[in-house]
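A.B. asks: could you look at this predicted model? Sequence included:
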Amino acid sequence: MSGSSSIKIENLICLLTCWFGEIEWWPGYTDEVMIGAILTQQTRWENVERALDLLKNRDLCTIDAIVRADIRDIEGAIRCTGFYRVKAQRLKSLAAHIAQTYGSVDTMVEVPTGQLRAGLLEVSGIGCETADSILCYGLFRKSFVIDAYTERMVQCMGIKSRGQELKRLFEACLPDDNYFYRQTHAHIVEYAKEFCGKKRCNECILVNSSG
DNA sequence: GACCAGGTCCTTG
DNA sequence: CAAGGACATGGT
């Protein structure tokens, strides 16, 4: 379909791998990653880590605990991530969905990726990025995460695709292993944070690298 | 003080 | 369907 876009994306993946090497990103057990995926919406990761520590200290950092907890206690622990009221509600919604649909997080391991994704997208407060983050980093599925940085970066490279089409484009270029999905998304974010400002690029090596 | 952060939802034109 | 506002705290 768009051959030049595929080549640009393949080059991008290689270039970033050379630039960063291996990144250990978003470590943690599945429940923690799922919770972090919601907390990091429009929020710096350092603030999310503080909230995750508070949740752990209060035994609130599992899906099971979120189901039972008083929402005020959740709000109190995640305040430093901003939007804490809507995020507490989103955590409740996610936890309820998992409890009601699968019974437990462990059961989700047996469910096909497409089915899990469709279910997650039904949850209020979970969009494509959060769903794919949960699938990719929490459940080790091959579901590539498209975020604002990725959109910004490929636009800068002259690639027209957006959203789901862009996701498919990346997935067609990536090796058939979750490891590369995690690495590539992490690479893009780390690179873009430094070089792809909201208003202008800062010494970006990508713009003229593949044209 | 201004601006941004690893989004999502709802309302408008 | 694109654009704009709301949600909220914390860092530069």
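C.D. replies: Thanks, I have the structure now. Numbering: from 1, shown residues only, chains lettered A, B, ... in the order given.
A.B. asks: DNA strand C contacts on chain A?
C.D. replies: A:42-44, A:46-47, A:79-87 (Cβ under 7 Å from any atom of the strand). Bear in mind the C-beta positions are built from the backbone N, C-alpha and C, glycine included.
A.B. asks: recalculate using a threshold of 10 Å.
C.D. replies: Residues of chain A lying close to DNA strand C (Cβ under 10 Å from any atom of the strand) are A:41-44, A:46-47, A:50-51, A:75, A:78-90, A:125, A:162-163.
A.B. asks: narrow those to those in helices?
C.D. replies: Assignment to helices by DSSP state H places the following of those there: A:46-47, A:50-51, A:75, A:78, A:84-90, A:163.
A.B. asks: could you flag which of these are buried?
C.D. replies: Buried members of those, counted by 16 or more other Cβ atoms under 10 Å: A:47, A:50-51, A:78, A:84, A:87-90.
A.B. asks: so which of these reach DNA strand B?
C.D. replies: Counting by Cβ under 10 Å from any atom of the strand, the members of those near DNA strand B are A:47, A:87, A:90.
A.B. asks: would you turn those residues into a markdown table with pLDDT?
C.D. replies: Shown next, in a markdown table, are these (pLDDT from 0 to 100):
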| residue | pLDDT |
| --- | --- |
| A:Asn47 | 98 |
| A:Lys87 | 98 |
| A:Arg90 | 98 |
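A.B. asks: can you list the weak-confidence ranges in chain A?
C.D. replies: A:1-2, A:207-211 (pLDDT under 70).
A.B. asks: centre-most residue in it?
C.D. replies: Taking Cα atoms, centre = their mean, the centroid of chain A lies closest to A:Ser133, which sits 2.9 Å from it.
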